[in-house]
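Visitor: Sequence unavailable; structure follows:
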């Protein structure tokens with residue numbers, strides 16, 4: 001079947017945004033403030049060790065106001081005023097769920113389809129299957145912008161964009177936000193481009209001789225990566241120089257866009273990357289793990305990302321790129337309706353919650369203005385249209401023209417798949 005999307009921009013909000021404070025509107029919770037979460041709702045489900053020892057589980061309704069936006073009438077938190085302006089372009093899934101309850105396995109799961117390290121990331125799968133339309137830039141680029149000081153930043157690790165059992169040439173290439181985007185990209189003093197070319201030609205001959213002798217496919221990867229680095233010496237400086245962008249575009253992304261390493265700068269680079277034929281761009285923004293002081297920390301996270309996220313959708317759309325680009329937004333799990341630690345009318349925290357969380361898709365092949373799934377009155381359990389993380393990944397592959405059941409790579413005697421071995425379906429309700 002033909003693909004709907006040519007490229008993916010994946011906005012991963014690392015740490016798990018609170019669905020109940022952003023997208024899953026529950027006004028009926030206000031009378032339950034500081035009352036114990038009913039056992040009939042919790043149903044002895046597992047808890048993280050951070051709240052399993054609490055004497056009680058007091059309900060903490062969101063302190064933020066919600067309003068309806070767009071032709072679709074989507075309820076959106078006051079924390080996302082810019083994203084609220086593009087809700088008619090989004091397909092919101094309110095019932096995503098996962099197997100993992102802690103960050104490391106949950107992030108590994110959402111990015112690789114498995115809690116066990118060593119699998120290939122979704123970006124690497126797409127680079128392996130589809131390659132790049134630009135020979136001068138990698139197929140898969142990763143950006144890790146800075147985050148507010150109030151954020152609780154979880155560690156990021158290479159396996160979130162690593163190739164796992166796939167050849168390493170399909171790993172994501174991380175561009176740095178501070179200093180040179182790629183270390184040692186410039187030639188040292190006294191070395192001209194022609195000199196570098198002569199050196200690489202000689203090195204490639206040596207590597208080719210080793211490959212003929214040993215047959216190690218990683219030698220071919222090494223040759224390809226040396227050649228890519230040579231071409232990136234010209235392509236990356238042009239890519240990262242945003243001075244050519246019209247002032248109106250930079251203003252749309254917000255004042256932080258001029259600061260290299262900011263989320264706004266990364267979002268603009270993401271558009272420039274897909275514009276140049278890069279297949280997958282992954283932005284991993286940390287700081288969304290709010291076990292306490294959530295109202296302050298979550299507000300800061302949203303202020304750091306919301307304007308640029310809305311701008312990215314509008315920018316892609318006005319250039320005609322949204323018709324060929326899939327944008328994905330979400331974290332690794334959700335957060336509990338009950339408060340972790342101290343609860344007052346002004347502050348509370350929330351623990352990890354894998355049972356349901358919100359993600360959205362926009363762009364190529366997506367049914368705009370859609371909302372799928374419903375949770376119970378406490379945003380604690382799915383009551384309608386559950387969507388597993390692997391089903392979401394199957395849907396992303398489908399929009400890129402790939403049948404997730406046939407897209408395999410043999411490793412350790414198994415036909416490995418991004419979506420695992422259990423039956424997994426494409427979420428057709430969010431497809432145009």
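Guide: Received, thanks. Since we're looking at a predicted model, the values are computed, not measured.
Visitor: Please count neighbours and contacts with C-alpha atoms only from this point.
Guide: Will do.
Visitor: which residues does residue 330 contact?
Guide: 11-13, 16-17, 358-360 (Cα atoms under 8 Å, 6 or more residues apart in numbering).
Visitor: and if we set it to 10 Å?
Guide: Residues near residue 330 by Cα atoms under 10 Å, 6 or more residues apart in numbering: 10-17, 19, 93, 96, 110, 357-361.
Visitor: So that I can see them in PyMOL, could you write out a selection of the buried residues among those?
Guide: The PyMOL selection below is limited to those of the contacts of residue 330 classed as buried (16 or more other Cα atoms under 10 Å):
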select buried, resi 10+11+12+13+14+15+16+17+19+93+96+110+357+358+359+360+361
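Visitor: for the stretch 101-250 of the chain, what spans make up the helices?
Guide: Along the stretch 101-250 of the chain, counting by DSSP state H, counting those that start in this stretch, helices occupy 103-112, 122-130, 193-214, 217-240, 247-253.
Visitor: Just list what the longest one packs against, helices and strands only.
Guide: To tie it back to what came earlier, the one meant is helix 217-240. In terms of contacts (3 or more Cα pairs under 10 Å, 6 or more residues apart in numbering; DSSP states H and E), helix 217-240 is packed against helix 193-214, helix 263-275.
Visitor: partners of the helix or strand just after the shortest one in the sheet?
Guide: For helix 263-275, the following helix or strand on the C-terminal side (DSSP states H and E) is strand 280-285. Counting by DSSP bridges, the strands paired with strand 280-285 are strand 7-13 (parallel), strand 140-143 (parallel).
Visitor: any chance of those strands in TSV, with distance to residue 302 and mean pLDDT too?
Guide: Formatted as TSV, those follow (distance: least, Cα to Cα, whole Å; pLDDT from 0 to 100):
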stretch	distance to residue 302	mean pLDDT
strand 7-13	10	98
strand 140-143	18	98
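Visitor: Compare those strands and give me the one nearest residue 153.
Guide: With Cα to Cα as the criterion, residue 153 lies closest to strand 7-13 of the strands paired with strand 280-285, at 10.7 Å.
Visitor: what angle sits between that closest one and helix 122-130?
Guide: Using axes from the mean of the first three to the mean of the last three Cα atoms, to 10 degrees, the interaxial angle of strand 7-13 with respect to helix 122-130 works out to 170 degrees.
Visitor: what's the following helix or strand after strand 7-13?
Guide: Using DSSP H and E, the first helix or strand after strand 7-13 is helix 19-22.
Visitor: Show me what the helix or strand that that following helix is followed by is packed up against.
Guide: Helices and strands here follow DSSP H and E; after helix 19-22, the next one along the chain is helix 39-42. The criterion is 3+ Cα pairs under 10 Å, 6+ apart, and there are no helices or strands that helix 39-42 contacts.
Visitor: Flag every buried residue along the lowest-mean-pLDDT helix or strand in the chain.
Guide: For the chain, using mean pLDDT, DSSP states H and E, the weakest element among its helices and strands is helix 217-240, scoring a mean of 87. Judged by neighbour count using 16+ other Cα under 10 Å, the buried positions of helix 217-240 are 219-220, 223, 227-230, 232-233, 235-236, 240.
Visitor: Next: stretch 201-214.
Guide: By 16+ other Cα under 10 Å, the buried positions in stretch 201-214 come out as 204, 207-208.
Visitor: Quick one: neighbours of residue 43, just the number.
Guide: For residue 43, the neighbour count with other Cα atoms under 10 Å is 9.
Visitor: repeat for residue 256
Guide: Residue 256 has 17 neighbours, counted by other Cα under 10 Å.
Visitor: quick one, what contacts the spatially closest residue to it that is not a sequence neighbour?
Guide: The spatially closest residue to residue 256, leaving aside those adjacent along the chain, is residue 264, at 5.9 Å (Cα to Cα, 6 or more residues apart in numbering). Contacts for residue 264 (Cα under 10 Å, 6+ apart) come out as 145, 250, 252-258, 270, 304-309, 311-312.
Visitor: Name the SS class of residue 292, please.
Guide: coil (DSSP: H, G, I helix; E, B strand; the rest coil).
Visitor: which residues does it contact?
Guide: Listed by Cα under 10 Å, 6+ apart, the contact set of residue 292 reads 152, 339-343, 347-351.
Visitor: give me that answer again for 8 Å
Guide: Contacts of residue 292 (Cα under 8 Å, 6+ apart): 340-342, 347-350.
Visitor: Which residue is the nearest non-sequential neighbour of residue 345?
Guide: Spatial nearest neighbour of residue 345, chain neighbours left out: residue 63 (7.5 Å); criterion: Cα to Cα, 6+ apart.
Visitor: Next, that neighbour: phi, psi?
Guide: Main-chain torsions, residue 63, degrees, to the nearest 10: phi -90, psi 0.
Visitor: That one - how many residues pack around it?
Guide: Using other Cα under 10 Å, residue 63 has 14 other residues around it.
Visitor: before we move on, what about the one 3 residues further on?
Guide: Neighbourhood size, residue 66 [other Cα under 10 Å]: 21.
Visitor: Tell me, what's the model's pLDDT at the nearest residue to it once chain neighbours are set aside?
Guide: Leaving aside its chain neighbours, residue 66 sits nearest to residue 77 (4.4 Å; criterion: Cα to Cα, 6+ apart). pLDDT for residue 77: 98.
Visitor: wait, isn't residue 77 in contact with residue 65?
Guide: Yes - Residue 77 sits in contact with residue 65 when judged by Cα atoms under 8 Å, with a separation of 5.9 Å.
Visitor: of those two, who's got more company?
Guide: With neighbours defined as other Cα under 10 Å, residue 77 and residue 65 compare such that residue 77 has more, 23 against 14.
Visitor: coming back round to it: can you list the contacts of residue 292 in a markdown table and add distance to residue 410, secondary structure and neighbour count?
Guide: What follows is the contacts of residue 292, written out as a markdown table (distance: Cα to Cα, whole Å; DSSP: H, G, I helix; E, B strand; the rest coil; neighbours: other Cα atoms under 10 Å):
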| residue | distance to residue 410 | secondary structure | neighbour count |
| --- | --- | --- | --- |
| 340 | 44 | coil | 25 |
| 341 | 47 | coil | 19 |
| 342 | 50 | coil | 11 |
| 347 | 50 | coil | 17 |
| 348 | 48 | coil | 24 |
| 349 | 44 | coil | 23 |
| 350 | 41 | strand | 22 |
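Visitor: Okay then, goodbye and thanks.
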